[in-house]
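[1] Only the shape, not the letters, is given here:
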């Protein structure tokens, strides 16, 4: 099931073809099958493809090709984003009304390379499946059998009464849902709303939703009643002596650590002011495409600084890491969390300047607390000093604030233990564990009422951080603190027969593009739900997914109770690299240890620019490695990479995955041991997860004698072995950058481009030989000579007169020609020389 939206592929095709091309829906297949060269609209969401269609029309592309491109696009979207990296069999059964369009199954067959079976009436298969499910439930006694007169049912008249606004009931929900009144056979039925309240009323079901929704209970623990009152604008009793105010943005980790902040500042004599207004104009002030929680941070901050009475201080900490017990790496926060104090001040520069002129001070301490809150002591002491508080008083306030926060955490764990005890006493019950961040899955302004939707169906819903998961393992090189916590809790949930996970994520969440794959791998066969949200997410789609998920859980439990699950024996042993006496080795799938320089071992270098890849490969070859530098990627490699990733990861991961699999599937020789060179890092960028992801991929696909060779800058790449020259590798990288820039200048400025290309390629070949020979003096001499050769190439105008464009951005994308879609070459034709950032 698509975790992001419920857009119908058939309706999208119908609207796109009719509105832009005037082609009726019944003619789409006929027109699409006439196509000869469909444009690649890629796998983007249907909602964003209309501009591409208009561009194709303006470019004069044949309508049949455009329609075929649309058909391929929806198939790629489903294959890459819905199916993702889940395995499929050799035969695929395809159903749904969209299959009446013959072009769709044909396109899917072409994309998957599999046999597609379409039933005679594909649009009725869902109804047929529903009938089979009702039959099964009736036989099991889960549904009472009844008699119906189809004619009478079809002739019933339905009327609509006056709608009303829901007041929220005993849970005091303030969403204000519009409820319709449906009149049927003299009876009135309330219908609608974001939760199951009126369904329960119609079916006389009664649940204590407040006690079932522990996510709401968590929010009340973090923001107790007096804080909720200030959030609502309810005035509080003034203190005996007026206090200076300190504003706190209701964003990110404040949704876990507010009790600490509130107690600390109160104890130091200040009045904490929590952001109470989510400002839509504030969200619109964002300067880039942020995730939804970062958008909310903009909205709350704008509300905070728009107060009539200016604040004395605004607390905007730079939180580098969070506490994690039994951590596997430095538990960092993501770049958007760390960058909050900087991009908010950039977005609201004029307002900040005005406040500073009125006396407001911004406090942005660097807070690093990987072990516990106590690690933040010195950072908060410096903050207290900025506020004029003596160290002794600040220390006492800090100690009290830590106790307050710990009491909050203890209460959370106690409530979680209560859920586990209740489940143990009632084996027929289940509980849904909500995974996500405190700022997207645990607060009402971000989670779209999802916990309440579960609770209103009579299911206990509990935040993952209520569970006792601290001693569970996380994952290798998992440097995101929230990632460690989530994966630890996932292992606990996977082992508990009555706990099931619902993962709330957001569009453009970088860490989750990897974490969700890891999360699903931990869950294995056990059902889990993933819901991807932003400000445009509709309630109806969430309701559908939640209902379907609970149905699947019920069926899964029936199977688990009635059948003993098969125990799969591990038969595949992946190859792996390791260091032995300062020399890198690879242990093959058969258990044979070989030095990576062994002739049977090929070191595969992924492409990151043609010249740079060849240069670094020459240094490896000089050190005795049998190296294979890969050519720049193409559409086939991209397609292969997308087929084995979730497509939410960054482009370099998708392309490097494709290059590995392309070589392993199509070029690897019998007896060859393949070692893929993939450096690592320690966060918070996603790059450090590439090697981890690929090792998991090798295991998942059962690729024998394929290993990942991962190095890290943390130890200056010292695991390369004694024969590898780090200095020469650095020279190769610099040389590659310089030669790339020289090539770009020749593309734009050479009088005879063919002659210039020949001279350049000869110069590059000579320089690569100099790198391979090993001497720095040889390299210097050769470089000096080739500079003369390149300088002699006739040019259109002097170097200083050539207009130059700096190409910056992500390091892989700006260096890889396919990733940047030949941008440099296009600009060169217009007379611009493109220089890439080093």
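    Arrived safely. Just so we're clear, the structure is a prediction, and the values are computed from it rather than from any experiment.
[2] Under a three-state scheme, what state does the spatially most central residue of the chain occupy?
    Nearest to the mean C-alpha position of the chain, counting by CA atoms, centre = their mean, stands residue 513 at 2.8 Å. Three-state call for residue 513 (DSSP: H, G, I helix; E, B strand; the rest coil): helix.
[3] Past the lengthiest helix in the chain, which element shows up next along the chain?
    Longest helix in the chain, counting residues (DSSP state H): helix 391-425. Where DSSP states H and E defines the elements, the next helix or strand beyond helix 391-425 is strand 431-435.
[4] quick check: angle from that following strand to helix 391-425?
    For strand 431-435 against helix 391-425, the angle by axes from the mean of the first three to the mean of the last three CA atoms, to 10 degrees is 150 degrees.
[5] buried stuff in strand 431-435?
    Residues of strand 431-435 classed as buried by neighbour count (16 or more other CB atoms under 10 Å): 431, 432, 433, 434, 435. For every residue, glycine as well, the C-beta is placed using N, CA and C.
[6] Quick one: list the elements packing against that strand.
    helix 450-455, strand 460-463, helix 481-495, strand 499-506 (3 or more CB pairs under 8 Å, 6 or more residues apart in numbering; DSSP states H and E).
[7] Point out the most buried one among these.
    helix 450-455 (a mean of 27; mean count of other CB atoms under 10 Å).
[8] Let me see the mean pLDDT of that helix.
    Averaged across helix 450-455, pLDDT comes to 94.
[9] of all the helices and strands packed on strand 431-435, which lies closest to residue 50?
    In terms of CB to CB, the element of the helices and strands packed on strand 431-435 nearest to residue 50 is strand 499-506, at 23.9 Å.
[10] Now find how far off-centre the closest one is within its chain.
    How far strand 499-506 lies from its chain's middle: 14 Å, per CA atoms, centre = their mean, to the nearest Å.
[11] Then stretch 76-83?
    Worked out by CA atoms, centre = their mean, stretch 76-83 lies 16 Å from the chain centre.
[12] Show me which positions of it end up buried.
    Buried, per 16+ other CB under 10 Å, within stretch 76-83: 76, 77, 78, 79, 80, 81, 83.
[13] swap in stretch 195-205?
    Neighbour count says stretch 195-205 has 195, 196, 197, 198, 199, 200 buried, by 16+ other CB under 10 Å.
[14] For that stretch, give the distance from the opening residue to the closing one.
    Taking CA to CA, to the nearest Å, stretch 195-205 runs 13 Å from one end to the other.
[15] residue ranges with poor pLDDT in the protein?
    Scanning the chain for pLDDT under 70 picks out 1-9, 43-48, 170-172, 202-204, 226-242, 563-570, 713-719, 721.
[16] And it, what are its domain boundaries?
    9-127, 160-206, 222-387, 410-562, 576-720, 726-836 (automatic domain parsing).
[17] residues near the residue lying closest to the residue nearest to the centre of the chain once chain neighbours are set aside, how many?
    Once flanking residues are discounted, residue 513 sits nearest to residue 648: 4.0 Å by CB to CB, 6 or more residues apart in numbering. By the measure other CB atoms under 10 Å, the count of residues near residue 648 is 22.
[18] ok, now the one 5 residues further on?
    Counted with other CB under 10 Å, residues neighbouring residue 653 total 23.
[19] Assign it to helix, strand or coil.
    helix.
[20] That one against residue 690, yeah?
    Yes - the pair residue 653 and residue 690 passes the contact test of CB atoms under 8 Å, sitting 5.5 Å apart.
[21] mind listing the strands for the stretch 101-250 of the chain?
    115-117, 158-160, 164-165, 178-184, 187-191, 244-248 (DSSP state E, counting those that start in this stretch).
[22] what do you get for the stretch 451-600 of the chain?
    Counting by DSSP E, counting those that start in this stretch, the strands of the stretch 451-600 of the chain are 460-463, 499-506, 529-533, 576-580, 583-587, 593-595.
[23] Residues touching the longest one, excluding its own?
    Applying CB atoms under 8 Å, 6 or more residues apart in numbering, the contact partners of strand 499-506 are 3, 291-293, 423, 430-436, 440-441, 447, 450, 454, 461, 464, 467, 490, 492-493, 512, 516, 519, 523, 526-534, 549, 553.
[24] quick one, which of the domains of the chain is nearest to residue 402?
    domain 222-387 (5.2 Å).
[25] ends of the closest one, how far apart?
    Per CA to CA, domain 222-387 runs 25 Å from first to last residue.
[26] try stretch 438-448
    Start-to-end, stretch 438-448 (CA to CA) is 14 Å.
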